[in-house]
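> Have a look at this prediction, sequence included:
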Amino acid sequence: MKIKKDENGLSLFEKGKKGLFYLIFSRMGLVLGLLLIQVFFLLGVFQWFEDFLPHILGGTALFTVVMVLYLINSRIDPSAKITWLVVIMLLPVFGALLLWYTQSDIGHRALKFRLNQLVSQTKESIVQSGEVMEAFRKEDAGAANLVQYMQRSGCFPVFNNTSVTYFPIGEKKWKEVLCQLEQAKHFIFLEYFIIDEGLMWGKILEILAQKVQEGVDVRVMYDGTCEFSTLPYDYPKRLNALGIKCKMFSPVTPFISTHYNYRDHRKILVIDGHTAFNGGVNLADEYINHIVKFGHWKDTAVMIKGEAVKNFTLMFLQMWGIDEKVTEFEQFLKYPALGQKNAAGYVVPYGDCPLDGDKVGERVYMDILNRAKKYVHIMSPYLILDGEMETALKFAAERGVEVKLILPGIPDKQIPYALAKTHYASLLDSGVKIYEYTPGFVHAKVFISDGREAVTGTINLDYRSLYHHFECATYMYGVDCIPEIEADFQSTAAKCREVTPVTVQHESLKLKLTGVLMKVLAPLM
């Protein structure tokens, strides 16, 4: 392994252009080839059933009716039901078999079982202070009820004695991360959706390698899709050679599985059990505007210090422990959280698992909208809504709450951008105000309401985040930085163009057609 050290920090491989020859003969090329073979095989099997089953069941019409009745009475999200109804009506037997395959837990049965096991084991690992919960309930019973709901799906106590620092841009978060990493004494946990070598990760990696030499337990976990775009398959081994423990979540293998549908979209950094970072910022240079991809990259993050950090420690250890025989929860949760006695308000770091049936991320957002009295201000990179979420946004505006959305002015993906615009007219009709960030791409995920409560984390307003990803966020009530979050929203809005019925009408025909045609597939995106 070649280790390079320069002004950008450490680098463990040399980037270069990867042409067609490389793709065909690389491990990824082999994996993709084998996956395509399996896809064609399954298509062949489904086609055989398409021709064969109707003769047994008495005709395609009867089979279609049965499957439609099953779908209508299932617990699938209503918007997704429409998508599947269209597929089944157009391709009756093929669509039904595809529905069965995607809804069965064949591909992710082991993952679901193990995660449920870990969540069950750790349900009482962090004790909820009755005194804190009672004080919170006296201050705001509605918000306390929301926290009670969060605790249905995991061990997510509400804490006071926790300070929160808000970062309105990725560069500021990165600089503070470097400073806090230098102070680590016992352990460093990193769990990120994207890691890419460059200045940001190079400087972090340089410190991590040094901390390993000092005896600090350093662990890194990233999503397996990085192999498609940023890191070589053997990158965990390269980090292991430095003494850094590393895992890929759900690495890509040459076998078709529903397991791949569930990605680890979380961004968590925990230091010694008393400091944690959360937000939208991944570990790649575009997130700190060192390189430019889609104009100026607007992102946000928070640093929390104090007792609430335990929630993030537990979340990381649960994901790390999926393939471990021996769990380490007690070992790392015993480290003192160094409560911040003068910190105002309440903090709840929480997670959202796509396999437990609770849409925690979406319901937290909806509850904030439903309880808001004056305003709800939102930043999100995507806007691909189900019926419930769209209704919540519209209802809040219709009852007099100021609902404002900031979305990207320069998109990173054209289809999601087109799909977002399919919601504009309906939202505007209800009084929702929409703004597009003229300088570039908004990757922030922020909700702030009435100057008292806010959420920032990894949860986008799209189907993948709300239904299919492992996510996490930080819920804040009455903390000192909430005025800073609102000020950042207003500052960002001042750089935006406002969307109006006239601008919607004058959108390009190509964009409109893309949105209309892809709308039926939105729940799958």
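In hand now; what should we look at?
> And the nearest residue to Leu99 once chain neighbours are set aside, how far from Pro92?
What sits nearest to Leu99 in space, not counting adjacent residues and going by C-beta to C-beta, 6 or more residues apart in numbering, is Trp84, at 5.5 Å. Placement of C-beta: from N, CA and C, glycine included. Using C-beta to C-beta, to the nearest Å, Trp84 is found at 12 Å from Pro92.
> Strands of the stretch 201-350 of the chain, start to end?
Remark: strands of the stretch 201-350 of the chain, listed N- to C-terminal, are 217-223, 245-249, 263-264, 268-271, 275-279, 296-298, 301-306, 346-352; assignment by DSSP state E, counting those that start in this stretch.
> Make a markdown table from these and add mean pLDDT and distance to Val442 to it.
What follows is the strands of the stretch 201-350 of the chain, written out as a markdown table (pLDDT from 0 to 100; distance: least, C-beta to C-beta, whole Å):
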| stretch | mean pLDDT | distance to Val442 |
| --- | --- | --- |
| strand 217-223 | 97 | 21 |
| strand 245-249 | 96 | 26 |
| strand 263-264 | 93 | 21 |
| strand 268-271 | 98 | 21 |
| strand 275-279 | 98 | 13 |
| strand 296-298 | 98 | 5 |
| strand 301-306 | 98 | 14 |
| strand 346-352 | 98 | 21 |
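> For those strands, give me CSV that also has distance to Met476.
What follows is the strands of the stretch 201-350 of the chain, written out as CSV (distance: least, C-beta to C-beta, whole Å):
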stretch, distance to Met476
strand 217-223, 25
strand 245-249, 27
strand 263-264, 23
strand 268-271, 16
strand 275-279, 11
strand 296-298, 20
strand 301-306, 8
strand 346-352, 6
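> so what's Ser426 up against?
Listed by C-beta atoms under 8 Å, 6 or more residues apart in numbering, the contact partners of Ser426 are 390, 394.
> Restricting to C-alpha, output the one helix or strand it maps to in PDB.
Taking DSSP states H and E as the criterion, the element that holds Ser426 is helix 424-429. C-alpha atoms of helix 424-429 as PDB (Å, rounded to 0.1, in the frame of the first residue of the first chain):
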ATOM      1  CA  TYR A 424     -44.700  23.400  -6.500                       C
ATOM      2  CA  ALA A 425     -48.100  24.400  -7.800                       C
ATOM      3  CA  SER A 426     -50.100  22.500  -5.200                       C
ATOM      4  CA  LEU A 427     -47.900  23.900  -2.300                       C
ATOM      5  CA  LEU A 428     -48.100  27.400  -3.600                       C
ATOM      6  CA  ASP A 429     -51.900  27.200  -3.900                       C
END
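> model confidence over that helix, on average?
For helix 424-429, mean pLDDT is 98.
> buried ones in that helix?
Of the residues in helix 424-429, those with enough neighbours to count as buried (16 or more other C-beta atoms under 10 Å) are 424, 427-428.
> now do stretch 476-489
Using 16+ other C-beta under 10 Å as the test for burial, stretch 476-489 gives 476-479, 481-482, 484-486, 488-489.
> shouldn't Ser433 be in contact with Ile406?
No, residue 433 isn't Ser; it's Lys. No: Lys433 is beyond contact range of Ile406, at 9.7 Å (criterion: C-beta atoms under 8 Å).
> So if I had to pick from these two, which one is more boxed in?
Ile406 (24 against 17; other C-beta atoms under 10 Å).
> Which of the three states applies to that one?
What DSSP: H, G, I helix; E, B strand; the rest coil gives for Ile406 is strand.
> list the contacts for it?
Ile406 sits in contact with 377-380, 435-437, 442, 444, 489, 492-493, 496, where contact means C-beta under 8 Å, 6+ apart.
> hmm, 6 Å instead?
Listed by C-beta atoms under 6 Å, 6 or more residues apart in numbering, the contact set of Ile406 reads 379, 435, 442, 492.
> For Asp196, state which of those is nearest.
When those are compared for distance to Asp196 (C-beta to C-beta), Val442 wins out at 19.9 Å.
> give me the number of residues near that closest one?
When neighbours are counted by other C-beta under 10 Å, Val442 registers 30.
> if I read this right, it contacts Pro408, doesn't it?
Yes: the pair Val442 / Pro408 is scored as a contact, 4.8 Å apart, by C-beta atoms under 6 Å.
> which residues are in contact with both of those two?
With C-beta under 6 Å, 6+ apart as the test, Val442 and Pro408 both reach Pro381.
> in the stretch 101-250 of the chain, which spans are helices?
Assigned by DSSP state H, counting those that start in this stretch, the stretch 101-250 of the chain shows helices spanning 109-121, 130-139, 141-150, 170-182, 199-213, 226-229, 235-241.
> so which of those gets nearest Ser11?
Closest approach to Ser11 among the helices of the stretch 101-250 of the chain (C-beta to C-beta): helix 199-213, 5.8 Å.
> can you list the weak-confidence ranges in this structure?
For the chain, applying pLDDT under 70 flags the ranges 1, 16-63, 93, 103-107, 253-260, 524-525.
> so where's the longest strand in it?
Longest strand in the chain by number of residues, with DSSP state E as the criterion: strand 469-477.
> packing partners for that strand?
strand 346-352, strand 453-457 (3 or more C-beta pairs under 6 Å, 6 or more residues apart in numbering; DSSP states H and E).
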